[in-house]
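Colleague: Okay, structure incoming, though there's no sequence with it:
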């Protein structure tokens, strides 16, 4: 038996990235890192049927979830930017040796 369950935060994150056009714009490796770092900051909220979730969900609750995701996404971007610069500096140091 195959269960159809998923993390609702993951669904909303992917929708947000798609709405911003980032799914097509960002390199796949960076996008995977961005999603992992973002989702690791958020609680897990499993759902079975996305349609039911949309139907019964309160607008204020959805807005709060999206704000949580946006905050985590901004922190993730800053984290990845900082670590990317750090790796680039380390690589440059080794190249000069």
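Modeller: Structure's in. What do you need? Predicted model, so just to flag it, every value in this text is computed and none were measured. Numbering: from 1, shown residues only.
Colleague: buried sites along the helix or strand bottoming out on mean pLDDT in the chain?
Modeller: Every helix and strand of the chain was ranked by mean pLDDT, DSSP states H and E. The lowest is helix 50-56, at a mean of 76. By 16 or more other Cβ atoms under 10 Å, the buried positions in helix 50-56 come out as residue 53. The C-beta positions use only the backbone N, C-alpha and C, and glycine is treated the same way.
Colleague: Relative to the whole chain's centre, how far out is that helix?
Modeller: Centre-to-centre, helix 50-56 and its host chain are 21 Å apart (Cα atoms, centre = their mean, to the nearest Å).
Colleague: what comes into contact with it?
Modeller: Helix 50-56 is contacted by residues 6, 8, 11, 47 when judged by Cβ atoms under 8 Å, 6 or more residues apart in numbering.
Colleague: again, 6 Å this time
Modeller: Helix 50-56 is contacted by residues residue 47 when judged by Cβ atoms under 6 Å, 6 or more residues apart in numbering.
Colleague: The spatially most central residue of the chain - nearest residue in space that isn't next to it in sequence?
Modeller: Closest residue to the average C-alpha location of the chain: residue 35 at 3.3 Å, with Cα atoms, centre = their mean. Leaving aside its sequence neighbours, residue 35 sits nearest to residue 13 (Cβ to Cβ, 6 or more residues apart in numbering; 6.3 Å).
Colleague: Quick check, pLDDT for residue 87.
Modeller: Residue 87 carries a pLDDT value of 65.
Colleague: Pass me the low-pLDDT residue ranges in this protein, would you?
Modeller: 1-2, 85-97 (pLDDT under 70).
Colleague: Strands along that one, start to end?
Modeller: 6-7, 46-47 (DSSP state E).
Colleague: Ok, which of those strands comes nearest residue 39?
Modeller: Nearest to residue 39, of all the strands of the chain, is strand 6-7, at 7.3 Å by Cβ to Cβ.
Colleague: what's the spacing between that closest one and its chain's center?
Modeller: Distance, centroid of strand 6-7 to centroid of chain: 13 Å (Cα atoms, centre = their mean).
Colleague: Equivalent analysis for stretch 58-77, please.
Modeller: Relative to its chain's centre, stretch 58-77 lies at 10 Å (Cα atoms, centre = their mean).
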